[in-house]
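Trainee: sequence and computational prediction follow.
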Amino acid sequence: MSLYGLYPSLVRPLIFCLDPENAHSLTIKLGSILGKEPLIKLFSQQVAAKPVEVMGLKFNNPLGLAAGMDKNGDAIDYLGALGFGHLELGTVTPKAQKGNPRPRMFRIKSASGIINRMGFNNAGVDYLVKNLQQRHYQGIVGVSIGKNETTPLDNAVDDYLICMNKVYNHCDYIAINISCPNTKDLTALQEAEPLVKLISRLKEEQGKLAAGGRYVPLVVKIAPDLTTTQLEAICDACLRLKIDGITATNTTTSRDAIYGLPHASEWGGLSGEPLRARATEVLAQVHAQVGDRIPLIGVGGVNGIIAAREKMAAGASLLQLYSAFVYQGPAVIKDIVDNL
Ligand SMILES: Cc1cc2nc3c(=O)[nH]c(=O)nc-3n(C[C@H](O)[C@H](O)[C@H](O)COP(=O)(O)O)c2cc1C
């Protein structure tokens, strides 16, 4: 059995004794240590090569780490050595911010789910850029960008522009996060008018920056809690404005799948197995409208090969996971990639 095959029986019981956020901080801290030579050789994981080309980028395999796990890029080299085909870092904001008061992360153990209301706690975009500059990981890196809590929604575009300009030369794609349910009113940016305003401005900026020689694709990440009409309007805007990719989905505010379970009444975004069916449904709806004109990234409950194939069948070219890493450890990456 590989080192990481022992995670569910040996490591998870210890980690799950800790408060979820302390467990997360410890994992990232450990990751920053294990990512250095010579330890990285001992703790890396070999996975099968399953190369794909999406958005003009060459990925070693379709499975990536979803945004939110390594918001500040502290453990890039370690996470990259576990076999992910890409890492999405962030969400970062122009200025560092603390996020919502703790506790703000809850395990829904019996459903393999997580509720979080972190609220974009991060060390600020400059800190992330330093970590990006120092990385050794050669795989694809995306950066998820957002707005500071204190920035009024009407000025949100300024925050996205600041982050975009700072990360542009240090990453392979940029994800526009307008779907996090834990930053006040952020999801209102998914409405047709503000969305078109935001994307148009970011596409214009991308055009200017790309004139310098390097085209960095722009991806929009959407919520699972949109109506069919809202989804249609988003797809329409993404097609018209030639967005490079769509990620479906972020966490859900719905509690239907976990009603009555411990912590189910905590507010925030729900992820993991309870999100899986809805996230796949949204992905399929987006695919039905955009077809192969915009590549799709499928996220939400990817926790094994069956869930991964479901997302591919629904139209995803790339996949991401977060919660399954918490419940199953690094072995889940190999289980999925080797069998894709
Ligand atoms: C604790 C936590 C923090 C997250 N933070 C972010 C974030 O900063 N930006 C973002 O786009 N998504 C964030 N997400 C959402 C994930 O990227 C992903 O879309 C969601 O968890 C569904 O995937 P999963 O079911 O594999 O966890 C976060 C998720 C969790 C559990």
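Mentor: Nice, I can see it. Numbering: from 1, shown residues only.
Trainee: all strands of the chain, in order?
Mentor: Taking DSSP state E as the test, the strands found in the chain are 52-54, 57-59, 63-65, 86-92, 105-108, 113-116, 140-145, 173-177, 218-222, 245-248, 269-272, 296-299, 318-321.
Trainee: can you list the strands that the fourth one pairs with?
Mentor: Under the criterion DSSP bridges, strand 86-92 sits next to strand 63-65 (parallel), strand 140-145 (parallel) in its sheet.
Trainee: quick check: residue 250 vs residue 35, distance?
Mentor: As for residue 250, its distance to residue 35 is 27 Å (criterion: C-beta to C-beta, to the nearest Å). C-beta: built from backbone N, CA, C; applies to glycine.
Trainee: brain fart, residue 26
Mentor: Taken as C-beta to C-beta, the span from residue 26 to residue 35 is 15 Å.
Trainee: residue 306 too?
Mentor: If you go by C-beta to C-beta, the gap between residue 306 and residue 35 works out to 31 Å.
Trainee: can you pick out the residue with more neighbours from those two?
Mentor: residue 35 (22 against 11; other C-beta atoms under 10 Å).
Trainee: surely the more buried one touches residue 70?
Mentor: No - assessed by C-beta atoms under 8 Å, residue 35 is found out of contact with residue 70, at 10.5 Å.
Trainee: list residues touching both of the two?
Mentor: 76, 79 (C-beta atoms under 8 Å, 6 or more residues apart in numbering).
Trainee: including distance to the ligand and mean pLDDT, could the strands of the chain go into a markdown table?
Mentor: As requested, the strands of the chain are exported to a markdown table (distance: least, C-beta to the nearest ligand atom, whole Å; pLDDT from 0 to 100):
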| stretch | distance to the ligand | mean pLDDT |
| --- | --- | --- |
| strand 52-54 | 18 | 98 |
| strand 57-59 | 17 | 98 |
| strand 63-65 | 9 | 98 |
| strand 86-92 | 3 | 98 |
| strand 105-108 | 5 | 98 |
| strand 113-116 | 4 | 98 |
| strand 140-145 | 5 | 98 |
| strand 173-177 | 4 | 98 |
| strand 218-222 | 5 | 98 |
| strand 245-248 | 7 | 98 |
| strand 269-272 | 3 | 98 |
| strand 296-299 | 4 | 98 |
| strand 318-321 | 4 | 99 |
